[in-house]
Structure formats: structure tokens, C-alpha cells
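Student: can't give you the sequence, but here's the structure:
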Ligand code: C2E
Ligand code: MG
Ligand code: MG
Ligand code: MG
């Protein structure tokens, strides 16, 4: 083989990695700047019970980028995880969520609305994660029962003892714990019953295929049954059509979220919708 071309390839790869790293550093700096100048915003997507009542929302992060407009988590969350920026960012999200719950509690029409917040596994891994959450609730005078934390299946691969202890401490304060994107990870189901979740969230990948696909619909049926056997709530995400909704309802699903009921929107739009419904 040609040593020169190998050397050239190595140089190209090293250079690519370097410019990759440079791009990441630049993005990280931009993200820090965005947090400092309050360019992050929470969007709210309604969560509904079987009666059609909005009982709360999932908070979804958006970045108001001066040049690119509204950027979703797909554009920055991986970098935030890799650089550890997800820690200060996640704290900001928690603070916003608790402050929002406080404002809803003070509103005669919106009182009682709940909020689900996505938590990165890196956040949960912090030794002081539980006091962070409890302080945030206490500082805002918010009942833990109004807050749900959404964790992903990667949490099942963490140090089980420490994770379960944290989950128990949060649950003791009434905080809900939802297993997000349920069914997509390859983590072992055998750990599931050892983790004190209060809710399973069926991933939209399963919901997307259920109409006219007996395999997909048997997966959602079994996920619903599994959750209900474990004694936890099950919510379906990504419900986009009436057919999907009716099929899930027939399978015993009682909690829903998806474009059919509402896309994630800014706070004012979400509140108008809920208040309009309540009126
Ligand atoms: P997720 O927690 O599974 O959130 C659901 C995603 O599906 C959201 O995407 C939502 O906009 C989208 N979605 C909701 N209903 C439908 C539907 O009917 N059809 C389709 N096609 N999509 C639907 P989004 O807002 O882009 O968020 C993507 C992911 O980013 C979230 O997935 C979550 O894992 C992560 N994320 C969002 N906000 C935060 C945050 O504050 N902290 C952390 N750590 N992660 C976050
Ligand atoms: Mg989520
Ligand atoms: Mg999800
Ligand atoms: Mg998902």
C-alpha cells in the first residue's frame, strides 16, 4: 500500500476532527451566550385526558437564534450534552418550569395545570440533582405533584442504586417520573419494575404505525398493558390522527399528546387555548 496516501488520509481525518471540535466549541460559546441573553424559551404542548380536558403540558425547549430563527432541540441538544452545557441549561429549564407553575397556581382559570419537563441523564447523574429540584419547587412555593420529570431509557443503564434512591426522594415530594420514548431503547425490561416510575410515555414511532398495521398496534396494546399491570399511567405521544386516537382509546389508553390536539406553542398561545376551552 501507499504510505503517502495513508499519511494524507490521517492528516485529513485529524483536520476534520479539529474543525469538528472547533465548530463544537463555537456552538458551545454561542449556546452560553444565548442562555446569558435569555434567548432560550419554553414552548408548551398540551397533554389531555380521555375526556379531552387539557390537564397540563410538556415543556419543550426552543432557541430564538438571531440569524436562524426558532431552533428546536435537534439543533443543539447533542452539543449541549457533549459539552456539559445541558447542566446550566437544564437548571434554567427547571427554574422556568417552577416559576410557570407558580404563575398558573395564581391564575383562577389555569390553576392546577401540570408541567412535564425533560431531564437529561447527565442532569440526573449529578449528586445534588434532587436538592436542586426540591429547592426549585420550594422557592416558588409549588406542590411537587404539579411537576413531572421525563427521563429516557438510558437512565435504566445508570448506577441503579443511586438512581432509585433519587427517584424515591423525588416521588416522596410528589414529583411524577415519566419514562419518555418508552420502547425505543434497548435497555432491559427486567430493570423497569425496579425503577419507581409513575408514568410510561409510548414513543411516537409506535403510534405512527398503528393504523392498519397489526404488529405496530400489538406493540402499543402490550405497552399499555405492561404499564397498567405495573400500576403506572401510560401516555401516548405523537398522536396525529383521529384514527390513531380512537385505536389507542380502544386499547385502554387514557392520556394523549400530539399534533392532533396541539403542537408545541409559545406560552401565550398555549394559555389562550386552555383558557378558551375552560371558558
Ligand atoms: P421528546 O421529549 O420525546 O418530545 C417530543 C417531541 O416530539 C417534541 O420535539 C415534539 O415537538 C414532537 N412532537 C409532539 N407531538 C408530535 C406529533 O404529533 N408528531 C410529531 N411528528 N412530532 C411530535 P422537539 O420539541 O423537537 O423535542 C425533541 C426532543 O428534545 C425531546 O423529545 C426531548 O428529548 C428533547 N428536549 C426538548 N426540550 C428539552 C429540555 O428542556 N431538556 C432536555 N434535556 N431535553 C429536551
Ligand atoms: Mg419528553
Ligand atoms: Mg418523548
Ligand atoms: Mg419521542
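Tutor: Happy to help now that I have it. Just so it is clear, the model here is predicted, and its values are computed rather than measured. Ligands and ions are numbered 1, 2, ... in the order given.
Student: The residue nearest in space to the middle of the chain: what's it in contact with?
Tutor: Geometric centre of the chain, nearest residue: residue 118, 3.0 Å, by Cα atoms, centre = their mean. Applying Cβ atoms under 8 Å, 6 or more residues apart in numbering, we find residue 118 in contact with 58-61, 93, 150, 180. The C-beta positions use only the backbone N, C-alpha and C, and glycine is treated the same way.
Student: Among the residues you listed, which ones are in strands?
Tutor: Using DSSP state E, 58-61, 150, 180 are the members of those that sit in strands.
Student: Which one of these is nearest to ligand 4?
Tutor: residue 180 (6.5 Å; Cβ to the ion).
Student: Neighbours of the closest residue to residue 151 other than its chain neighbours, how many?
Tutor: Excluding the flanking residues, the one nearest residue 151 by Cβ to Cβ, 6 or more residues apart in numbering is residue 119, at 5.7 Å. As a burial measure, residue 119 scores 23 neighbours (other Cβ atoms under 10 Å).
Student: Just confirm residue 119 contacts residue 150, I think it does.
Tutor: Yes: between residue 119 and residue 150 there is a contact at 6.4 Å, judged by Cβ atoms under 8 Å.
Student: residue ranges of the helices in the stretch 101-250 of the chain, please?
Tutor: For the stretch 101-250 of the chain, helices defined by DSSP state H, counting those that start in this stretch occupy the ranges 121-125, 129-140, 160-172, 189-192, 204-208, 214-229, 242-250.
Student: for residue 125, what are its contacts?
Tutor: With Cβ under 8 Å, 6+ apart, residue 125 has these contacts: residue 158.
Student: near ligand 4, which residues of the protein?
Tutor: 181, 203 (Cβ under 5 Å from the ion).
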